[in-house]
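Enquirer: Sequence first, predicted coordinates after that:
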There are 2 protein chains.
Amino acid sequence: MFPWPEVGESLSRIATPMPVIDEDRLAANIARAQAYMTAHDLAFRPHVKTHKIPAVAEAQLAAGAVGINCQKLTEAEVFSDAGFQDILITYNILGPARLVRLKALNDRVASLRVVADSAVTVAGLAAAFAGPKPLRVLIECDTGGGRVGVQSPEAALALAERIAAAPGLRFDGLLTYPAVGGAERVEAFLSAAMALLAANGIDCPIRSNGGSPDIWKAHLVPSATEHRAGTYVYNDRSMVRAGECTHGDLAMHVLATVVSRPTPVRAVLDAGSKALTSDLLGFPDHGEIEGLPGARIVSLSEEHGVVDLSACTAPLPEVGEMVRVIPNHTCVVSNLFDRMVFHRGGVVTRVEPVAARGTVW
Amino acid sequence: MFPWPEVGESLSRIATPMPVIDEDRLAANIARAQAYMTAHDLAFRPHVKTHKIPAVAEAQLAAGAVGINCQKLTEAEVFSDAGFQDILITYNILGPARLVRLKALNDRVASLRVVADSAVTVAGLAAAFAGPKPLRVLIECDTGGGRVGVQSPEAALALAERIAAAPGLRFDGLLTYPAVGGAERVEAFLSAAMALLAANGIDCPIRSNGGSPDIWKAHLVPSATEHRAGTYVYNDRSMVRAGECTHGDLAMHVLATVVSRPTPVRAVLDAGSKALTSDLLGFPDHGEIEGLPGARIVSLSEEHGVVDLSACTAPLPEVGEMVRVIPNHTCVVSNLFDRMVFHRGGVVTRVEPVAARGTVW
């Protein structure tokens, strides 16, 4: 089987490509986000899609998080199996195969919530749930993100009435995953929907806002009671660009080796799209090489990353040299590896199974 | 554990997102490529990175392939464990951890070959290999692909001399992974390098050319003795665009469900970047939805694909409806799933472990 690094091993000796997590930065990221949420009286619910590792989620809960956020049913099942008792699945769950399993999950998790944004989703949930333990449902609202979600406070009210009318469901509130910089629009939507619900006698205890890119602006949405965020835990190049963290807060690097220097201005890394993914997140290139200013990862094939060194002034890396890549997007890198290597000061501290990798739906 | 579909199940009932492989198209793709290579007297060596499944590689060998091509050492180890005896690893293998394992692999595989494009790589191989079973090495040549490879026939000769001078290595020939449409340039490079090698008394039995995008033009490189290709086995949207296959040759589709219809012109699928990947391969969008002309998958988040329906004239898909997505790039989709579902006429025939998924280096 694959020779994962061992505890105590030096990162300088491990084979690449390999993402690694800095324990101290991880702990600092967890503590800083929780302190901010606590200071602003916001319940914090970390999104585990970023790491998919129960031990990391346990650290998030230990710091004060109220529960976890999953993006799919089978991801939630893995975390339930690992003992987590407060889980929010921010997904429209549809179809008989998933609904049967959702019901089983609701029976074994103390607090399970899902979202819905259409009458079809609510009808499916209502038909599947009945009996002593209702399923708690939030209505997902599109407050500018342009993905899923009801389009107006009026539509939220109409859907809340359907949920409230279903014996097996309980309406628990509103949820949104807004576009970046959308605090005013989020607040306007949530406060209008809350007023409509109140006018119609419907309780709306939870207003859940989300996103790492605006994590430090969560307090600008006063109607929110909860915030969800994933990326903040590792951070990545997109978070640095957004001004949400500094290079010193980057907990994930992808270690890579220069496997070729075909020309004086070209280096080729052993990290390609099967290690870094092709997520650009608006960048023109595929990650930043730490300590090599001017270097640009201009193209990826599956197992190669082609680096243009023509703008570099630093000493150029030779064949066999290891470099540290800051990925554009950390959440998708996690999803490619069966285990994640953690280190402190370059020495391996633990190798955690990425338990929820490979959960399909 | 995850409920993979069962043999005999209808695809219309399985939960999504899920890539599926059409058995008949798969078999036809394998047969057609092999017939072409045989007709042109080219040894055919399929690249297994596309499927990572021993059973598919066995079908490729049964059709007449001479052996398999792997892109990393641990991928080759998985296929060796599955009984494959003729393996080419098209990668510069560097570093003590990998070299120790490469040597062990060479001891247990009847015919193992690797590539090298630098003196550093050759020196590492030469130091690791000695004794009765030399390692066979091809020189990778950059014939326009702009990735790895020596830059000139003269550089190929110089490296061949180093390989020939190492007691533990055997120089076996030349290899290239050219840019699309580069047949003339490939031929010019290979024939010039062969002439130089011959003039210096160095045998060059193998000239290995590669790539699916130009697969039906392989015969335009008369100096080549072998062709390697991966994508052809499943085909994808990029292969249709290149004119290398038709829609009827697409063996892989990603089944997805419409989970939201937030506006009249927006649908959201449960296939995002963790199912389709963000590989654009030059496309402006993230895959083609079969039977829904005008629909465009305009953005992906990790578990959602946002579809713009504004140019559609067909009946629009409703929440809960299943669609079939033709992925831009099949090889990276395979890499995300632990198992692959095969079907004939929409009925599941087998569920194969993607055995070499998760092989890190």
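Expert: In hand now; what should we look at? Residues are numbered from 1 along each chain as shown, chains lettered A, B, ... in the order given.
Enquirer: And for the residue nearest to A:A156 when sequence neighbours are not counted, the neighbour number?
Expert: Residue nearest to A:A156 in three dimensions, not counting chain neighbours: A:A193, with 4.5 Å by C-beta to C-beta, 6 or more residues apart in numbering or on different chains. From N, CA and C alone the C-beta is placed, and that goes for glycine too. If you count neighbours by other C-beta atoms under 10 Å in any protein chain shown, A:A193 ends up with 27.
Enquirer: Just to check, A:A193 is in contact with A:L157?
Expert: Yes - using C-beta atoms under 8 Å, A:A193 makes contact with A:L157 at a distance of 6.9 Å.
Enquirer: related to what we said a few turns ago, what separates the residue nearest to A:A156 from chain B, distance-wise?
Expert: According to C-beta to the nearest C-beta, to the nearest Å, A:A193 stands 15 Å off from chain B.
Enquirer: Please give the element, helix or strand, for that residue.
Expert: Here A:A193 sits within helix A:183-199, counting by DSSP states H and E.
Enquirer: Which positions within that helix qualify as buried?
Expert: Neighbour-count burial for helix A:183-199 flags A:A183, A:R185, A:V186, A:E187, A:A188, A:F189, A:L190, A:A192, A:A193, A:M194, A:L196, A:L197 (criterion: 16 or more other C-beta atoms under 10 Å in any protein chain shown).
Enquirer: and what of stretch A:312-327?
Expert: A:C312, A:L316, A:P317, A:V319, A:G320, A:M322, A:V323, A:R324, A:V325, A:I326, A:P327.
Enquirer: Where strands are concerned, which of these count?
Expert: A:M322, A:V323, A:R324, A:V325, A:I326 (DSSP state E).
Enquirer: Assign the closest residue to the first one other than its chain neighbours to helix, strand or coil.
Expert: The one in question is A:M322. Using C-beta to C-beta, 6+ apart and skipping the chain neighbours, the partner closest in space to A:M322 is A:T257 (5.4 Å). Under DSSP: H, G, I helix; E, B strand; the rest coil, the three-state class of A:T257 is strand.
Enquirer: residues in contact with A:T257?
Expert: A:T16, A:P17, A:L269, A:D270, A:G320, A:E321, A:M322, A:V323, B:L94, B:G95 (C-beta atoms under 8 Å, 6 or more residues apart in numbering or on different chains).
Enquirer: and the angle from the strand or helix carrying A:G173 to helix A:183-199?
Expert: Element membership for A:G173, per DSSP H and E: strand A:169-176. Per axes from the mean of the first three to the mean of the last three C-alpha atoms, to 10 degrees, the angle that strand A:169-176 makes with helix A:183-199 is 160 degrees.
Enquirer: So what's the residue count around the closest residue to A:S238 other than its chain neighbours?
Expert: Spatially, and ignoring its direct neighbours in sequence, A:S238 is nearest to A:L281 (4.5 Å; C-beta to C-beta, 6+ apart). Using other C-beta under 10 Å, A:L281 is surrounded by 16 other residues.
Enquirer: what sits against A:L281?
Expert: Contacts of A:L281 by C-beta under 8 Å, 6+ apart are A:R237, A:S238, A:N328, A:H329.
Enquirer: A:S238 is in contact with the last one, correct?
Expert: When you say that, I think you mean A:H329. Yes - the pair A:H329 / A:S238 is scored as a contact, 6.0 Å apart, by C-beta under 8 Å.
Enquirer: shared neighbours, these two?
Expert: Shared contacts of A:H329 and A:S238, counting by C-beta under 8 Å, 6+ apart, come down to A:T231, A:L281.
Enquirer: low-confidence ranges in the stretch 1-150 of chain A?
Expert: Scanning the stretch 1-150 of chain A for pLDDT under 70 picks out the ranges A:1.
Enquirer: Chain B contacts on that one?
Expert: A:2-3, A:13-18, A:49, A:71-72, A:74, A:91-92, A:94-98, A:101, A:117-118, A:120-121, A:124, A:142, A:146-150 (C-beta under 8 Å from any C-beta of the partner chain).
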